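1. sequence plus the predicted model coming up.
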Amino acid sequence: MTFPIAIPLGPWLLPPHVVLEALAYTIGFQLYLRARRRQGDAISDGTRWSVIAAAIAGAAIGSKVLFWFEDPFLTWAHRADILFLMGGKTVVGGLVGGLIGVELTKRVIGETRSTGDLFAVPLAAGMAIGRIGCFMAGLSDQTCGVATSLPWGVDFGDGVRRHPTQLYEAAYLLPLALLLARAARRPHQRGDIFKLFMVGYMTCRLGVDAIKPGVTFAGLTVIQWTAAAVLLYYAPAIVRWSRNGWSAPRDPLLLSRVP
C-alpha cells in the first residue's frame, strides 16, 4: 500500500482528503435533514440559521487556535509564516469553538433551548468518513499514531509501522453514531443527544491521543487537556445519566419530541 492513496476519477487522481471530506459533508447533511423530518425542530428558522452561522464561525476559529497551541514552541517559531498558521486545524478545536460560538450566540439572542441534538448523528458519521480520508492521506495529514509492533501497524511511507489512529477513530465513531440514533428514538431530555456525542468523542480522544506523537504538558497533550475540560463541563449530565439512566425528564418542557 502506497500513501497517499489517490482516488481515481477517469484520467484524474483526486486527493483522498478532499473527496472523503466532501462525502462526509454530503452524508452528514442528508442525515441532518432526515433527523429534522423525523424529530422536528422546536426552534425558529431565524434562530436555527443564527446557531449554524455561529457554529461554523466558532469551529473555524477554534480549529485554528487549538492547532497553534498543540505545539506552542513550533507555532512561535513560525509566527510570521502565514501558510503555516493557516495550514493546520484540529477536530477537537472545531467542536469546542463551535460550542462556544453557539452558546454565546444563544445568550445574545435570548435562546434558552438546546439546539444541538439534530447535529449529533451527522457529526459522528461525517467525522468517521473524514477520518478514513485522513488515513488515506498518509503522513502528510499528521494524524497517525506512534510506532507500534502490533500486527495491524501501518507503514505510511517512512519505513515505520505506526498505529492507524485515524481508523481507530472511524471504528469508534460509526458505532457511536448508531448509539446516538438509537438514543434519539427514546424519550430523553432535550440536549442530551449532543451531550452524549461530545462526551463519547472526547473520551475517545483522551485514549487515542495517548498513542499519537505530540508535545505534552504534565503528561497530556493539549488535545487531551481540552478533551478533559469538555468532559468536566458535561460532568453534571454524566452524573445524571449514571444515577437515573437514560430517562425522560418529569418537566415536559425539557422533553425532546420523539417520533
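-> Sure, I can see it.

2. now the helices for the stretch 151-259 of the chain?
-> 165-184, 192-208, 222-233, 235-244 (DSSP state H, counting those that start in this stretch).

3. need those in TSV (columns: distance to residue 118).
-> To be clear about C-beta, it is placed using only N, CA and C from the backbone, and glycine gets the same treatment. Shown next, in TSV, are the helices of the stretch 151-259 of the chain (distance: least, CB to CB, whole Å):
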stretch	distance to residue 118
helix 165-184	9
helix 192-208	8
helix 222-233	20
helix 235-244	18
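
4. of all those, which lies closest to residue 71?
-> With CB to CB as the criterion, residue 71 lies closest to helix 222-233 of the helices of the stretch 151-259 of the chain, at 8.2 Å.

5. what residues of that closest one count as buried?
-> 222-227, 230-231 (16 or more other CB atoms under 10 Å).

6. alpha carbons of it, in PDB - could you do that?
-> Provided in PDB are the C-alpha atoms of helix 222-233 (Å, rounded to 0.1, in the frame of the first residue of the first chain):
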ATOM      1  CA  VAL A 222      -3.200  20.000  24.600                       C
ATOM      2  CA  ILE A 223      -5.900  17.900  22.800                       C
ATOM      3  CA  GLN A 224      -6.200  15.600  25.800                       C
ATOM      4  CA  TRP A 225      -6.400  18.500  28.300                       C
ATOM      5  CA  THR A 226      -9.100  20.100  26.100                       C
ATOM      6  CA  ALA A 227     -11.000  16.800  26.000                       C
ATOM      7  CA  ALA A 228     -10.700  16.500  29.700                       C
ATOM      8  CA  ALA A 229     -12.000  20.100  30.200                       C
ATOM      9  CA  VAL A 230     -15.100  19.300  28.000                       C
ATOM     10  CA  LEU A 231     -15.800  16.100  30.000                       C
ATOM     11  CA  LEU A 232     -15.600  18.200  33.200                       C
ATOM     12  CA  TYR A 233     -18.000  20.800  31.500                       C
END
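
7. for it, name the packing helices and strands.
-> Packed against helix 222-233 by the contact rule (3 or more CB pairs under 8 Å, 6 or more residues apart in numbering; DSSP states H and E) you find helix 45-70, helix 91-109, helix 192-208.

8. how about 6 Å then?
-> Here helix 222-233 touches helix 192-208, going by 3 or more CB pairs under 6 Å, 6 or more residues apart in numbering; DSSP states H and E.

9. distance from the chain centre to the helix it packs on, please.
-> What separates the centre of helix 192-208 from the centre of its chain is 9 Å, taken as CA atoms, centre = their mean, to the nearest Å.

10. for the stretch 1-150 of the chain, which spans come out with low pLDDT?
-> Residue ranges of the stretch 1-150 of the chain with pLDDT under 70: 42.

11. how does it look with 50?
-> Regions of the stretch 1-150 of the chain meeting the criterion pLDDT under 50 are absent.

12. leaving out the residues flanking it, which one is nearest to the residue nearest to the spatial centre of the chain?
-> With distances taken as CA atoms, centre = their mean, residue 91 lies nearest the centre of the chain, 5.1 Å away. Nearest non-adjacent residue to residue 91, counting by CB to CB, 6 or more residues apart in numbering: residue 127, 6.5 Å away.

13. please, which helix or strand holds that neighbour?
-> Element membership of residue 127, judged by DSSP states H and E, is helix 117-137.

14. ok, the buried residues of helix 222-233 vs residue 115, which is closest?
-> Of all the buried residues of helix 222-233, residue 230 has the smallest distance to residue 115: 17.5 Å, by CB to CB.

15. just the helices of the stretch 151-259 of the chain: most buried one?
-> Mean neighbour count (mean count of other CB atoms under 10 Å) peaks for helix 192-208 among the helices of the stretch 151-259 of the chain, with a mean of 21.
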